[in-house]
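1. Provided below are the primary sequence and the corresponding predicted coordinates.
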Amino acid sequence: MSIGKMAVFAFIALAFAGGFLFIVINKGTNIRAPAPKPVAVLTSFNGKLAVQSIDDLRVGDRKIVLRGVALPSPLNARNGHRALRRDYQGLALTCKSVGLGTPCDRNVAPKFRDAAVVQCLISDGTDRAAKLVEAGILCG
């Protein structure tokens, strides 16, 4: 191959590489970072306790899980549900989401499945979960 032919070949290769680089820079790629998932806004909220079942408690329109307690055994769940509904249905509560200054901050996730993990207080400042454990309705 002569030097002239090699110069033409190098020029064509350089032009091709330059054109390719131009296209890539101007066109970009279709690869995009995934959109961030929406983050739940942690807030305190007020409402009346609605007892759907022993594992479906709601304050206002929010499904809640009381922090620091567990459900009773299946054998005791029916009695616990009756007592919870009889004694606490409609009780006015102020609930604070975990992450807003509860004793469980940084130890418990602020959500459990589709429910907010909260600390609920009645008007005199008593922690409702602690009272439910004392009454034997829920386990501590």
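-> Cool, got the structure.

2. which intervals of this structure have sub-threshold pLDDT?
-> 1, 28-33, 36-42, 54, 70-79, 99-106, 137-140 (pLDDT under 70).

3. again, only this time at 90
-> 1-10, 16-140 (pLDDT under 90).

4. So residue 34, which state does it fall into?
-> Following DSSP: H, G, I helix; E, B strand; the rest coil, residue 34 is assigned to coil.

5. could you pull out the strands for the protein?
-> Using DSSP state E, the strands found in the chain span residues 44-53, 56-59, 62-66, 92-97, 111-112, 115-121.

6. Can I get stretch 123-131 in PDB? Just the C-alpha atoms.
-> These are the backbone C-alpha positions of stretch 123-131, laid out as PDB (Å, rounded to 0.1, in the frame of the first residue of the first chain):
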ATOM      1  CA  SER A 123     -55.700  13.700  75.400                       C
ATOM      2  CA  ASP A 124     -54.000  13.300  78.800                       C
ATOM      3  CA  GLY A 125     -50.700  12.200  77.000                       C
ATOM      4  CA  THR A 126     -51.100   8.500  77.800                       C
ATOM      5  CA  ASP A 127     -49.500   6.100  75.300                       C
ATOM      6  CA  ARG A 128     -52.400   4.000  74.000                       C
ATOM      7  CA  ALA A 129     -50.200   1.000  73.000                       C
ATOM      8  CA  ALA A 130     -48.800   0.700  76.600                       C
ATOM      9  CA  LYS A 131     -52.300   0.700  78.000                       C
END
